[in-house]
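*Asks:* Turn this into a model:
(chains A and B)
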Amino acid sequence: MKPEPPFELAPIATGAGASAEARSNGIVHTTLENGLGVLIIPDHRAPVVTHMVWYKNGSADDPVGKSGIAHFLEHLMFKGTRKHPAGTFMTTIAELGGQQNAFTSNDFTAYFQQIAAEHLATCMEYEADRMKNLVLTEEMVSSERKVVLEERLMRTESKPGQILGEALQAALFTTHPYGKPVIGWQEDIRGLVRDDALDYYRRFYTPENALLVVAGDVEPAAAIDLAKRYYGKLQRRGVPPVRRRPDEPKPTTQRQLSLVDAKVGQPQFLRTHLVPSYGNAGPGEAEAFSLLALLLGRAQTGVLYRRLVVKEDIASSVGANYVGTARDRSRFALSASAKPGIGLERLDAAIEAVIQEHSANGFDRADIERAKKRLIASALYARDSQLSLSQWYGRSICIGMTFEAIDAWPERVASVSSEDLRRALHGLDRSTCVSGRLLQSDTGGAASAAA
Amino acid sequence: MPYSTRLLAEPRPASFAAQIQRVRTDCGLEAWLIEDHSMPLLSMAFAFKGGVTQDPEGKHGVSAMLAGLLDKGADEYDGAAFQQALDDEAIELSFGISGESLPGQLRTLSSGRRRAFDLLASALRAPRFDPDALERQRDRAAARMQQALHDPGKVAARAFRSACYGVHPYGRSADPQTLATISRDDIVAIRGRIMARDNLKIACVGAINASELRDELDRVFGSLPAAAQLAEIPPAAIGGVGTRHVVQLDVPQSLILFGRQGIGRDDADFDAATVVNHCLGGGSFTSRLFREVREKRGLCYGISTQNSDRDHGSMFGGMTSTSNERAGEALGVINEQLRLMSGEGIGALELEKAKQFLIGSYALRFDTSGKIAGLLCKLQLNGTDVTRLDTRNASIAAVSAEAAARAAPRLIGDGKMLVAIAGKPAGL
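*Replies:* Below is the predicted model of the structure:
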């Protein structure tokens, strides 16, 4: 996912210290004494508020052999505290007419409620409480572990495409923890115990590792006062959480994975590459990959569609996906679904031909302008939704972007040059990619992996 | 939008319905408009009443093909050129298809508004249905059908539909043989029948005023024929209640669907049924089924129920997924909870909490211009009066213990359900 800031405005020079900084788009940010970041995004169109707490850690921080603990803890965070036993938070928010949920990603975990603006304090009280006072019993942990295993079955184990996707990711990231699924490997999940959850909780769930985002019908000053009242008393841990993420070594081989399964409806070819992310890229690099995803993968107008679907008639659909919202080096994926009777090696060859051509000749100027326009506009569209807006800022900050970087993103997209695009394309080097073939088990030679 | 979420005991909230302007044009069109200039964008939701159920016998899938082709070329633009024209102004235009309608969504920045309406006008007046675009659409539909054969949700739904509705249009499923026979003429024919002015509903939210919208509406929709020619669809009787249909699928989890006759939106007990359903399985973290099936026993990740009202019948039912070996256990718990609720109803506290949630969360539906436009369009499709936006919370608040006690057994009956399962369920 790409971080997409809401508007293009000149940043105000930052002052030092804990005073709140107002940006010209009305957004106010500050940091409490205990290190908690606070971001207020006013939006008075409806009397509702979106309250989110982001922890700047995710599945990539799962200890070795305990993959899935970040996600498991996210489930367990709903099990109650000393003051508010299990179920109280959920029923209270429900009674007040609020909705809530949470999600875990590689680099962050977030908890949020959407509720009438007058109940903001209640959300803060509960969220601040469970940041420090979670209580877990073995019974709860044991029962919830079953839920997570069912979730894994539902999301992954029933779907050959997902199973292949997991394998591709593990092959692309041989060392870096992005290679592990967010939900965790099944065997690791089975072994997770209460102490694992509490260790992880104590390590990462601290105010200095967290960001509070409040969007909606609030006055920034009042919201910050409320934040100080409820979150201010939380003690910082003192020692920043240690993130041990081994670098992914430079890939040197092309790896090919195949999965043959009777449940595959349509053979599919995938190709994934290690690329810079918004978290670790130089200026303009990640923006170039965001544009490349559109230029290559967009339906109807992208170059892969025009070649594989229209001209050569060998694919029924194509796609490109750039996972730019990440702290460390991330991935860029291309995919194509084969028409009946077409071997996957033809899709592979056609994709490579398209990449080579555009590496040599660049992209059509009009295509580039259109892609830029589409990307920049999505930032404006995001303003329509409190949750979208909160997510865009939250994700970007959690992967290490500054406000200046977030606000200047549309300009950087606009400034991406043909040379930048070509450089990005060169990063999609087939000789070091991981490719995947999803095959039907009862096909003949035409759909086999062999060339 | 100053819609208040405070409960009715407090000072009366401002009327949401009063903010809606009805924009009527010379050509007989009507659009519901909420003007909002706080952001430079607008969302429009529109729909033609009459969806998949209008597909002629032997041509199931044709309206879906139509919807898929409407943004794939019009006037002088072929598919790619049309999409490029949209992208030039970052305009978002899409069409869909449901059982009951053919909906469309348009979203544009103010800077692209004129162009957005131009392109929509083209798509509605002169869609090209080029042969190559049509074949690609057919390929995609065929690919989806292939995929659906192995998707537990789709497999279970197909079995459910067929057992439930039989030969009624609700019971039909797409198949590749039929798809192969759909011609351009078929698509043109159904377009002529369902895309007309007299079955069109329009809602618009954002930076446009009534007079500007009025000018655009005739230009955009005026070329459509005046009258739709919809086939009469009979009410759908629900069959198969008390029977169970298992489709073997090589997956580690069983996906379970269950259902029976529901309570329609025009029924006096509809709001009470909404409250009862919320208690049983509608509330995500707080429902009885969530508590018993997921929280207590770890049998599933998700479980939910709903009482859904369609044009030709209503259905009460739900779904969940659980490990194959625990399918029998999960069904046992579900059946027990259904019986309990039907027999004993809901408690006073449970009733109050459910009502509080339903009332308090209503405002959350109105948080993006796209969602609001969609809701206003849906109200029109259902023939619901706009005042419902203001009275809905009062209706929910008025659901008494007696009403809930009446609705629970009406909704759940003796607890017998039509059950469809995809997977390798054990212990049934």
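*Asks:* count of neighbours near residue 364?
*Replies:* If you meant another chain, say so; for now it's chain A. By other Cβ atoms under 10 Å in any protein chain shown, the residues close to A:Asp364 number 12. Yep, even glycine has a C-beta here, placed from its N, CA and C like the rest.
*Asks:* could you do chain B instead?
*Replies:* A count of nearby residues for B:Leu364, using other Cβ under 10 Å, gives 18.
*Asks:* quick one, what contacts it?
*Replies:* Neighbouring residues of B:Leu364 by Cβ atoms under 8 Å, 6 or more residues apart in numbering or on different chains: A:48, A:97-99, A:114-115.
*Asks:* And A:Lys66, by the same measure?
*Replies:* Residues touching A:Lys66, when contacts are defined by Cβ under 8 Å, 6+ apart, comprise A:184, A:188, A:191-192, A:196, A:200.
*Asks:* and with 7 Å instead?
*Replies:* Neighbour list for A:Lys66: A:188, A:192, A:196 [criterion: Cβ atoms under 7 Å, 6 or more residues apart in numbering or on different chains].
*Asks:* In helices only, show me those.
*Replies:* Among those, DSSP state H puts A:188, A:196 in helices.
*Asks:* And the contacts of A:Lys66, which is closest to B:Leu331?
*Replies:* For B:Leu331, the nearest member of the contacts of A:Lys66 is A:Leu192. The distance, counting by Cβ to Cβ, is 28.4 Å.
*Asks:* Can you report how many residues neighbour the closest one?
*Replies:* That count, for A:Leu192 with other Cβ under 10 Å as the rule, works out to 25.
*Asks:* you'd agree it is up against A:Ala70?
*Replies:* No - taking Cβ atoms under 7 Å as the contact criterion, A:Leu192 and A:Ala70 are not neighbours in contact, 10.7 Å apart.
*Asks:* could you dump the strand or helix carrying A:Tyr200 to CSV, C-alpha only?
*Replies:* With secondary structure defined by DSSP states H and E, A:Tyr200 is part of helix A:194-204. Listed in CSV are the C-alpha atoms of helix A:194-204, where the atom choice follows Å, rounded to 0.1, in the frame of the first residue of the first chain:
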residue,chain,number,x,y,z
ARG,A,194,0.6,-16.6,27.3
ASP,A,195,4.2,-15.6,28.2
ASP,A,196,5.1,-15.1,24.5
ALA,A,197,2.2,-12.6,24.3
LEU,A,198,3.1,-10.8,27.5
ASP,A,199,6.8,-10.6,26.6
TYR,A,200,5.9,-9.0,23.2
TYR,A,201,3.3,-6.7,24.9
ARG,A,202,5.8,-5.4,27.5
ARG,A,203,8.4,-4.9,24.8
PHE,A,204,6.4,-2.9,22.3
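*Asks:* so after that helix, what's the next helix or strand?
*Replies:* Using DSSP H and E, the helix or strand that directly follows helix A:194-204 along the chain is strand A:210-216.
*Asks:* who does that following strand pair up with?
*Replies:* strand A:37-42 (parallel), strand A:48-55 (antiparallel) (DSSP bridges).
*Asks:* any idea of the mean pLDDT for that strand?
*Replies:* Averaged across strand A:210-216, pLDDT comes to 97.
*Asks:* if we can go back for a sec, so which of the contacts of B:Leu364 are in strands?
*Replies:* The members of those that map onto strands under DSSP state E are A:48, A:99, A:114-115.
*Asks:* among those, which two are most distant?
*Replies:* For the ones in strands among the contacts of B:Leu364, the farthest-apart pair by Cβ to Cβ is A:Val48 and A:Gln99; their separation is 10.1 Å.
*Asks:* any shared contact partners between those two?
*Replies:* Taking Cβ under 7 Å, 6+ apart as the contact criterion, the residues that touch both A:Val48 and A:Gln99 are A:114, B:364.
*Asks:* Of these two, which one has the most company?
*Replies:* Per other Cβ under 10 Å, whichever of A:Val48 and A:Gln99 has more neighbours is A:Val48, with 26 against 17.
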